[in-house]
Structure formats: structure tokens, C-alpha cells
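Enquirer: Build me a model from this:
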Amino acid sequence: MARVMGTERHSETTDDNLGRTLEVYGATVLRYGLVLVLLWVGALKFTAYEAEGVHMFASNSPLLSWAYQLFSVRTFSILLGLVEIALAILIATRPFQPKLSAIGSMGVIVMALITLSFLLSTPGVWQPGYGFPALSPMPGQFLAKDLLLLGAAMWTAGEALRAASIRDSG
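Expert: Presented below is the predicted three-dimensional model:
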């Protein structure tokens with residue numbers, strides 16, 4: 001059905017403009033929210049209580065438990081914090097270095113996938129008496145948020161790669 005009436009066309013334009021505005025602001029919140037979360041959580045990795053929290057997950061992980069043979073609980077947590085902070089800085093370079101930003105986002109993709117693997121290796125993820133799919137409040141629901149971090153990192157990586165491609169060809 002063709003939209004020829006003035007109010008329908010105006011409404012379509014208003015909706016389109018609102019949609020574009022929300023996308024632009026949403027993209028900014030998504031990218032720099034990811035940066036802020038990584039900076040914040042990375043900085044917390046320097047604290048003793050966060051190091052113990054990391055240990056609870058990483059020590060049960062077939063992907064990370066080996067690290068405790070090389071590093072103390074605190075040192076390993078600090079190294080993870082440094083990685084998170086570095087990835088945040090890389091992602092934040094999007095306006096002037098989209099390729100670096102994409103690399104940072106791809107690092108977060110790897111990090112989020114490793115963290116999501118804790119759903120399979122950490123004791124107490126599933127609510128006792130209910131099992132799958134009932135996540136326990138801690139650690140289960142705590143880990144589930146990394147699915148959103150994974151999606152944000154995938155989007156920021158794709159957008160930054162496209163921007164780098166346009167920049168390189170232009």
C-alpha cells in the first residue's frame with residue numbers, strides 16, 4: 001500500500017529519523033559502554049577480592065587453570081586486568097584507528113567466549129535441584145552477562161572493520 005497521505009509520510013519520516021537517532025546513540029553507548037565496563041572491571045582485577053573471584057572461575061577452567069602453576073592468584077588477576085584495560089583502550093581508538101579498534105573488539109570476543117565456557121566448568125552454575133537451564137544467581141547469572149559483552153564486541157568489531165575498509169579504499 002503506497003503511503004501518499006501527508007500524515008502517514010510525516011509519521012514514516014519521524015519514525016525513520018527517531019530510528020536513526022536511536023541507532024547512532026545506541027552505537028555510541030554500546031561501544032563506549034563496552035570500553036567503560038572493560039576499564040572498570042580491568043581496574044578491579046588489581047584488588048584482592050576480585051583476584052579471589054577470578055580464581056573461583058579460572059581454577060576450574062581447563063582453558064585457564066594452568067596459569068596458577070605460573071602465577072600467583074593476585075598476579076594472574078592483575079595480568080587479566082591489564083589485558084582488559086588494553087582491549088578497552090584499543091576499542092576506544094575507533095574514531096581515528098578503526099583497525100586497532102577491531103583488534104580490541106576481537107580480543108573481547110575471545111575473552112567473552114572463554115568466560116562463557118565457565119558455564120560448563122564452574123561448580124554451582126546451575127541452581128541446585130533444578131539443573132539446566134536454571135542458572136544460579138552466583139555464579140550462573142553473573143556469567144550470563146558475558147553473552148551481551150560477546151554481542152557488543154562482535155558488533156563493534158564488525159563496524160570497525162567496515163570503517164577501516166572504507167577508510168583504506170577512500
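
Enquirer: Lowest-scoring secondary structure element of the chain by mean pLDDT?
Expert: When the helices and strands of the chain are scored by mean pLDDT, DSSP states H and E, helix 6-44 comes last with a mean of 89.

Enquirer: Name the next helix or strand downstream of that one, please.
Expert: Read in the C-terminal direction, the helix or strand following helix 6-44 is helix 48-58, with elements assigned using DSSP states H and E.

Enquirer: who touches that next one?
Expert: With CB atoms under 8 Å, 6 or more residues apart in numbering as the contact definition, helix 48-58 has outside contacts at 44-45, 64-65, 67-68, 73-74, 76-78, 80-81, 115, 118, 122, 139, 143. Using the backbone N, CA and C atoms, a C-beta is placed for each residue, glycine as well.

Enquirer: PyMOL command to pick out the buried ones of the residues you listed?
Expert: Buried members of these, identified by 16 or more other CB atoms under 10 Å, are gathered into one PyMOL selection as follows:
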select buried, resi 44+45+64+67+73+74+76+77+78+80+81+115+118+122+139+143
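
Enquirer: Which members of the contacts of helix 48-58 are positioned in helices?
Expert: Using DSSP state H, 44, 67-68, 73-74, 76-78, 80-81, 115, 118, 143 are the members of the contacts of helix 48-58 that sit in helices.

Enquirer: which one in these is the model shakiest on?
Expert: In this model, the minimum pLDDT among the ones in helices among the contacts of helix 48-58 belongs to Leu143 (93).

Enquirer: Provide a list of residues in contact with it.
Expert: With contact set as CB under 8 Å, 6+ apart, Leu143 has these partners: Phe57, Thr115, Leu116, Phe118, Leu119, Thr122, Val125, Leu135.

Enquirer: would TSV of those with distance to Ala102 be doable?
Expert: Putting those into TSV (distance: CB to CB, whole Å) gives the following:
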residue	distance to Ala102
Phe57	27
Thr115	20
Leu116	21
Phe118	26
Leu119	27
Thr122	30
Val125	31
Leu135	31
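
Enquirer: looking at it, Val108 is touching Val37, isn't it?
Expert: No: applying CB atoms under 8 Å, one finds Val108 not in contact with Val37, separated by 9.8 Å.

Enquirer: any residues in contact with both of the two?
Expert: Both Val108 and Val37 are in contact with Leu149, where contact means CB under 8 Å, 6+ apart.

Enquirer: Any buried residues in the least confident helix or strand of the chain, and which?
Expert: Applying a neighbour-count criterion of 16+ other CB under 10 Å, the buried positions in helix 6-44 are Leu30, Arg31, Leu34, Val35, Val37, Leu38, Leu39, Val41, Gly42, Leu44.
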